[in-house]
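# Quick one, fold the following:
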Amino acid sequence: MKGKKEAEIEKLFRQIPNKQIAVRSKTGIYQQGKPATHVYHIQKGRVKLSVVSKQHKEAVVAILGPGDLFGEGSISGHTSHLANATAITDCVILKVNKLDIMKEIHKNRKFADYFLNYLLLRGRATEENLVDLMFNSTEKRLARALLLLADFGKDKSHQHISHPVNQDTLAAVVGSTRSRVNFFMNRFKRLGFIRYNGGMQVNGSLLRVLLKD
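Numbers count the residues shown, from 1 in each chain. Below is the predicted model of the structure:
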C-alpha cells in the first residue's frame, strides 16, 4: 500500500501527459549513450542504473524502487543517457516527455519543489555511495546496500525485500566479487541478520555491521 506522500507524488505525475509502461524483469529501458528524451517514475518494481566501460566492465550506480525517478538528467541538460537503465524485477513505470516535465516545473510550484528536493536527495545519496565505496569494507558496503534495498528506517513493513537482487548485481553495487558477496550473505544469514521467507527479510540487527569498528 502506498503512503500518503507517495500517493501525492504519483498524482502529480499523472496530471502530466504520460504513458504507463510494463517492463519485464531483465529488460533494458534505455541505453548508455542513447538520446535522453524522457523522465521515468517507478510505480512498481526495481530498476538498476549501471555504467559500462570500454573494457565492458559494469558498475551499478543505483538500485531504485517505487517512487523513484530516473532519466532526470535530461532536464539538467544531458542530451544522452550517462547510464543504462534495466528492470531487475517486473516493473510498472510512468514515462513522461522531458518537455512536459519542464512545462510543469514552470507552472506548478508544488511539483517544482518536489522535483528540486528529489534531485538534492539523489545528489546526497550519490556522495554517500562514493564515500562508502572508498572507505568501507566489503562487509559494511553489503550491509548498507541490503538496508537501503529494504528501505530500512522508513517503515517497519519495508524491512522485507520481496524481490531481492541477485548476488552478481550486489557484487557490482558494492564493488566486489560474487564469491565475497556470497561469503558475507551466508555469514549474515548464520548470524540472523537476514533470512529467507518468500523473499528476503532484513533485520535491524544488521546495523551492527555498520557500527562496528
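
# Bridge partners for residue 42, pull those for me.
Counting by DSSP bridges, residue 42 forms beta bridges with residue 93.

# these two touch, right, it and residue 71?
No - counting by CB atoms under 8 Å, residue 42 does not reach residue 71; the two are 10.8 Å apart. The C-beta positions use only the backbone N, C-alpha and C, and glycine is treated the same way.

# which of the two has more neighbours?
Remark: of residue 42 and residue 71, residue 71 carries more neighbours, 24 against 20, as counted by other CB atoms under 10 Å.

# Let me see the domain layout of the protein.
4-133, 137-211 (automatic domain parsing).

# per-stretch mean pLDDT over those, give me the minimum one.
Lowest mean pLDDT of these: domain 137-211, a mean of 84.

# Verify the stated contact: residue 28 with residue 86.
Yes - Residue 28 lies in contact with residue 86 (CB under 8 Å); the separation is 5.2 Å.

# Those two: who's more crowded?
The residue with more neighbours, out of residue 28 and residue 86, is residue 86; 21 against 11, by other CB under 10 Å.

# Check this protein for its longest helix and report it.
helix 109-135 (DSSP state H).

# quick one: the helices in the protein?
Counting by DSSP H, the segments of the chain that form helices are 4-14, 98-107, 109-135, 138-149, 167-174, 178-190, 207-211.

# Pull out the buried positions in the longest one.
Pointing back at helix 109-135 there. 111, 114-115, 122, 129, 132 (16 or more other CB atoms under 10 Å).

# And for the last one?
Burial within helix 207-211, assessed by neighbour count using 16+ other CB under 10 Å, is assigned to 207, 209.

# Not counting it itself, show me its contacts.
139-140, 143-144, 147, 152, 188, 193 (CB atoms under 8 Å, 6 or more residues apart in numbering).

# Ok, the fourth one next?
Applying CB under 8 Å, 6+ apart, the external contacts of helix 138-149 come out as 63, 65, 132-133, 136, 153, 161, 164-165, 170, 173-176, 180-181, 184-185, 187-188, 193-194, 200, 202, 206-207, 209-210.

# now swap in stretch 173-180 and tell me
59-60, 63, 133, 138, 141-142, 145, 165, 167-168, 171, 181.

# Restrict those to the buried ones and give me that as a PyMOL selection.
Applying 16+ other CB under 10 Å to the contacts of stretch 173-180, the buried members can be selected in PyMOL as follows:
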select buried, resi 60+63+138+141+142+145+165+167+171+181
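
# Residue 82: which of the contacts of stretch 173-180 is nearest?
Distance to residue 82 across the contacts of stretch 173-180 (CB to CB) is lowest for residue 59, with 11.9 Å.

# contacting residues for the residue nearest to the closest one when sequence neighbours are not counted?
Leaving aside its chain neighbours, residue 59 sits nearest to residue 51 (5.2 Å; criterion: CB to CB, 6 or more residues apart in numbering). By CB under 8 Å, 6+ apart, residue 51 lies in contact with 32, 58-59, 61, 82-84.

# Then residue 205?
Residue 205 makes contact with 191-193, according to CB under 8 Å, 6+ apart.

# how much space between the nearest residue to residue 15 once chain neighbours are set aside and residue 172?
Nearest residue to residue 15, sequence neighbours excluded (CB to CB, 6+ apart): residue 104, at 7.7 Å. For residue 104, the distance to residue 172 equals 34 Å [CB to CB, to the nearest Å].
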